[in-house]
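>>> Starting from these lines, generate the structure:
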Amino acid sequence: MRDFSLALQDRIDIIIQNWIEAVRSDDQLESAKELTYNGVRDSVPMVLQAIVTMLSQSQESDIRTLVEKSLEHGTLRAKQGYDAEEIAREYRLLRWVIFEALEPELFKASATEVSRAYRLIDTALDEVIAKCFQTFTQERFQELKDLQNQLQLTNQELTRLVRANQENLSHLAHELKTPLTSIIGYSDLFLRQQQNYSEIKGSVPNIGHIDRVLNSGRLLLRLINDTLEISRYEAGQIKLQLAPIRLPDVLATVVEIIEPLAKAKGLEIAVECHLSDDQVVTDCLRLQQIITNLTSNAIRYTTAGTVTIKSELLPDKYWTVTVSDTGIGIAPDDCDRIFQPYFRADNSLISGIPDSTGLGLAIVARLVNLLQGKIELVSEVGVGSSFTVIFPLELDGV
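Reported below is the predicted structural model:
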């Protein structure tokens with residue numbers, strides 16, 4: 001029986017050299033291109049030496065060395081960033097290079113001798129691949145576990161930082177509100193006195209500047225209040241007070257609040273309510289806040305026409321409230337971003353649009369989510385917008 005172990009022993013160096021060249025020239029083995037010569041070579045010489053022992057007819061099979069080195073190889077390849085396909089491809093190339101190196105000897109051997117050599121080499125390489133994948137997988141699982149632990153720690157730290165930031169923001173906002181309220185109060189008082197007493201009308205220079213201070217103060221106060229509202233939502237501090245409500249009364253309250261704004265712009269407010277008393281269970285204050293924000297937003301961006309508030313019952317225990325207008329509309333690219341905090345569509349080419357904090361619709365989106373609803377937007381530039389909020393008649397698990 002021909003002994004191929006000597007032929008393999010004599011060709012180990014050339015096999016390693018040819019294999020490394022094949023690996024580095026393979027476009028599908030990207031990870032290998034980042035390694036040094038020794039990094040690619042790793043324990044392959046020991047694997048080949050073990051195969052030599054297995055092929056030898058005078059020595060016992062060296063399976064133990066194969067197992068040990070293949071286990072080490074799998075761990076190393078995982079740390080080097082290989083994926084499973086690259087490892088399989090490396091060993092496929094090694095198999096090919098080994099048989100290519102032994103080809104002259106195999107041509108001289110009998111069919112039985114060639115069959116034995118193929119069987120032993122294939123068995124050895126199959127064992128190497130199996131054990132290599134075993135430790136490769138274990139190493140990958142450990143990396144994932146370590147990453148999960150690190151992400152958990154990072155998430156805990158981010159949660160702590162967010163909570164601290166929210167507390168700092170809330171504290172700062174409350175500190176700002178006190179002097180700001182005084183500025184607004186004194187400015188408003190001064191302007192009302194100027195309007196009530198004809199003898200001082202026109203006697204105070206730059207009275208328009210005071211009016212701008214008052215308007216800017218009110219805008220800043222609204223921004224602070226809106227920011228606090230967003231902060232409370234993100235911190236989970238908004239508690240719902242659920243109870244059956246009379247929706248017509250809620251809509252009437254909203255109209256009472258925003259009607260002066262509509263009259264100032266010559267707009268008509270239309271209300272359609274198709275729900276009877278006590279059909280809806282929700283948080284009355286938060287619902288009113290949602291409808292008020294949507295309606296005041298509609299008035300802000302409508303220069304002529306009508307703002308409509310419509311509510312109706314849907315199948316499967318849902319109901320809707322829709323606020324639509326005949327305003328300037330929203331560009332398609334902005335529709336997906338309109339509910340993001342501080343986002344404001346570009347209306348620079350349209351005159352007469354009041355300043356906005358960019359938080360009104362963001363607050364609406366969060367309150368709608370809190371009330372287990374969803375909001376849909378249909379808008380066309382120059383035609384108008386329609387915001388439809390869909391709510392369940394009763395909230396679950398609250």
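
>>> Give me the distance between residue 330 and residue 290.
According to C-beta to C-beta, to the nearest Å, residue 330 stands 18 Å off from residue 290. In short, each C-beta sits where N, CA and C put it, glycine included.

>>> out of these two, which sits in the more crowded spot?
Applying other C-beta atoms under 10 Å to residue 330 and residue 290 shows that residue 290 carries more neighbours, namely 28 against 20.

>>> Residues in contact with the helix or strand harbouring that one: which ones?
In this assignment (DSSP states H and E), residue 290 forms part of helix 284-300. Outside of helix 284-300, the residues within contact range by C-beta atoms under 8 Å, 6 or more residues apart in numbering are 238, 240-241, 243, 245, 250-251, 253-254, 257-258, 261-262, 265, 267, 269, 307, 309, 321, 323-325, 327, 353-354, 356, 360-361, 363-364, 367-368, 370-371, 385, 387, 389.

>>> Residue 132 reaches residue 73, doesn't it?
Yes - here residue 132 reaches residue 73: they are 5.1 Å apart, a contact under C-beta atoms under 8 Å.

>>> Surely residue 395 forms part of a helix?
No - read with DSSP: H, G, I helix; E, B strand; the rest coil, residue 395 is coil and lies in no helix.

>>> Spatially nearest residue to it, not counting backbone neighbours?
Ranked by C-beta to C-beta, 6 or more residues apart in numbering and with sequence neighbours excluded, the top spatial neighbour of residue 395 is residue 372, at 5.2 Å.

>>> Over to residue 22?
Take residue 22 and drop its neighbours on the chain: the residue closest to it by C-beta to C-beta, 6+ apart is residue 93, 4.7 Å away.

>>> Can you identify the element that follows the strand or helix carrying residue 159 toward the C-terminus?
Secondary structure assignment for residue 159, by DSSP H and E: helix 111-196. Reading on from helix 111-196 to the C-terminus, the next helix or strand found by DSSP H and E is helix 207-234.

>>> picking that back up, model confidence score at the residue nearest to residue 22, please.
Per-residue confidence at residue 93 stands at 91 (pLDDT).

>>> so it sits in a helix?
Yes - in this structure, residue 93 lies within a helix as judged by three-state DSSP.

>>> what's the closest non-adjacent residue to residue 101?
Closest residue to residue 101 apart from its sequence neighbours, by C-beta to C-beta, 6+ apart: residue 11 at 4.4 Å.

>>> From residue 341, how far off is the closest residue to residue 214 other than its chain neighbours?
Among residues not flanking residue 214 along the chain, residue 187 sits closest, at 4.0 Å (C-beta to C-beta, 6+ apart). Remark: distance between residue 187 and residue 341 (C-beta to C-beta) = 28 Å.

>>> Tell me, how many residues neighbour residue 34?
Residues lying near residue 34 (other C-beta under 10 Å) number 10.
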